Every structure is written in C-alpha cells, then in structure tokens.
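K.L.:
mind folding the following:
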Amino acid sequence: MKSPGRDIFRLGGTAGTCLAPALSINTIMRAAISIPLILWMGAATPAVLAEGGNASAQAPAGEVSAPSSAAKEISPEELAPLEKVLDAALAAYNADDRQAFCGLFATEARPPMTRHNFRVIFQGIYLNEFGPYVSKRLLAAESNPDPEFGQIVYDAVFAKRTHVKVSANLVRESGVLKLAQLRFEKL
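P.N.:
Now for the predicted structure:
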C-alpha cells in the first residue's frame, strides 16, 4: 500500500506510514553535511550573522564562537598513535587483507566493520572509485588528535584520484585505539 510521496516501513514488526516524502541518498548526504553548519549557526547571535558571521570577534564570554581560521598545530606525538591505526588500515586496504582491516575497528562501529561491509564498501566502492592508496597530507584544521575520541583528516593521493579526503574517527576500546569510522570522499 503506497501513497504518492509516502513509503511503508516496518519497525519492530509493526507497519506504519512515513509521512515524509522518500528521500534520495544525495538529499540525505547533503543534509548530513549541512547539519554541523546549521548547529553552529544556531549558536550565533543575529548581530554576529549580520556582521558576516564573525562570531569570534563578537561572541560574549562563555558563548560559542566561530572556528578559528588560524593554522592549527598538531604535534607529531599527539598524532602518532592515531596515525598508526590509520596507516595499518590503509595498508590492509591496499593488501586486500579483510581480517587485518576489520580487526582495526571498534566493536561499536556503525555500520559494523564486517568482511561483507569491507567487500561492499572498501573493495566495491572505494577501490573501484579511487584505486589503491598512495600518500596523504594532514588537514590539521579539520583534525582533533584526542587520545580517547580522536579524528584525523587527510588530503590523500590514490592511484585513480589525486585529491581524496580520508577521515578517520577513533575511539579507545578496552585501552586500545580503534577505528569507529573510516571514510574516503572526493575533494
């Protein structure tokens, strides 16, 4: 039973009607990218937005300010443990070593990194689109080397494409740093 612009879904064995029109994956991805910007803008005052969004110059003490455009310094010591995990994942990706690759992911990673997901996502999409990994350059302004919940972002070179954004979110699981997410996208 379908109505124009509505889909039937099952959740917990119960059928229901989704009142929102069906969305394409492109619409969902555009929305996901814009959410952080919307959330940040929600913290800015109208006066700040009227001044071109320069919240760092106008935000009262204790309020959220705009991200700094100044170059961010990340020490090699901060970066090393996170980069070690990412480098192992990229080596396993290039070697087509599913077992080693999946072993680098946290058990709570969503979607879970299984052999099937490795085959579908990393071999089926990323390897076909980008080819093997070659090298990378840190994007420090987009990275946060937190030792418990870090994110590192790179502009990487792959065999089929020279500018690929590689972003890795890492978490500490039972004292061991693991990947929670690894994503490759065109720059």
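K.L.:
can you map out the strands along this protein?
P.N.:
7-11, 14-18, 133-138, 149-158, 161-173, 176-186 (DSSP state E).
K.L.:
nearest to Asn117, out of those?
P.N.:
strand 176-186 (10.9 Å; Cβ to Cβ). Backbone N, C-alpha and C define where each C-beta goes, glycine included.
K.L.:
quick one on the thing from earlier: so which of the strands of the chain gets nearest Thr107?
P.N.:
Minimum separation from Thr107 across the strands of the chain (Cβ to Cβ) falls at strand 161-173, 6.7 Å.
K.L.:
closest to Pro81 out of the strands of the chain?
P.N.:
Here strand 176-186 is closest among these (Cβ to Cβ), at 5.6 Å.
K.L.:
buried set for that closest one?
P.N.:
Neighbour counts over strand 176-186 (16 or more other Cβ atoms under 10 Å) mark Leu177, Lys178, Leu179, Ala180, Gln181, Leu182, Phe184 as buried.
K.L.:
what do you get for stretch 116-133?
P.N.:
Across stretch 116-133, burial judged by 16+ other Cβ under 10 Å covers Asn117, Phe118, Ile121, Phe122, Tyr126, Leu127, Phe130, Tyr133.
K.L.:
please apply the same query to stretch 141-155.
P.N.:
Using 16+ other Cβ under 10 Å as the test for burial, stretch 141-155 gives Ser143, Pro145, Gly150, Gln151, Ile152, Val153, Tyr154, Asp155.
K.L.:
what is the most widely separated pair among those residues?
P.N.:
Gly150 and Asp155 (17.9 Å).
K.L.:
can you get me the start-to-end distance on stretch 105-115?
P.N.:
12 Å (Cα to Cα, to the nearest Å).
K.L.:
cool, stretch 94-103 as well?
P.N.:
15 Å.
K.L.:
use 35 as the first number for this chain going forward.
P.N.:
Fine by me, first position is 35 from now on; the one you just mentioned is stretch 128-137.
K.L.:
what's the average pLDDT for it?
P.N.:
On average, the pLDDT along stretch 128-137 is 95.
K.L.:
pull out the buried positions in it.
P.N.:
Buried-residue list, stretch 128-137, by 16+ other Cβ under 10 Å: Arg132, Phe135, Cys136.
K.L.:
tabulate those (JSON lines), appending distance to Leu173.
P.N.:
Shown next, in JSON lines, are the buried residues of stretch 128-137 (distance: Cβ to Cβ, whole Å):
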{"residue": "Arg132", "distance to Leu173": "28"}
{"residue": "Phe135", "distance to Leu173": "23"}
{"residue": "Cys136", "distance to Leu173": "26"}
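K.L.:
that's all I had, so thanks and see you.
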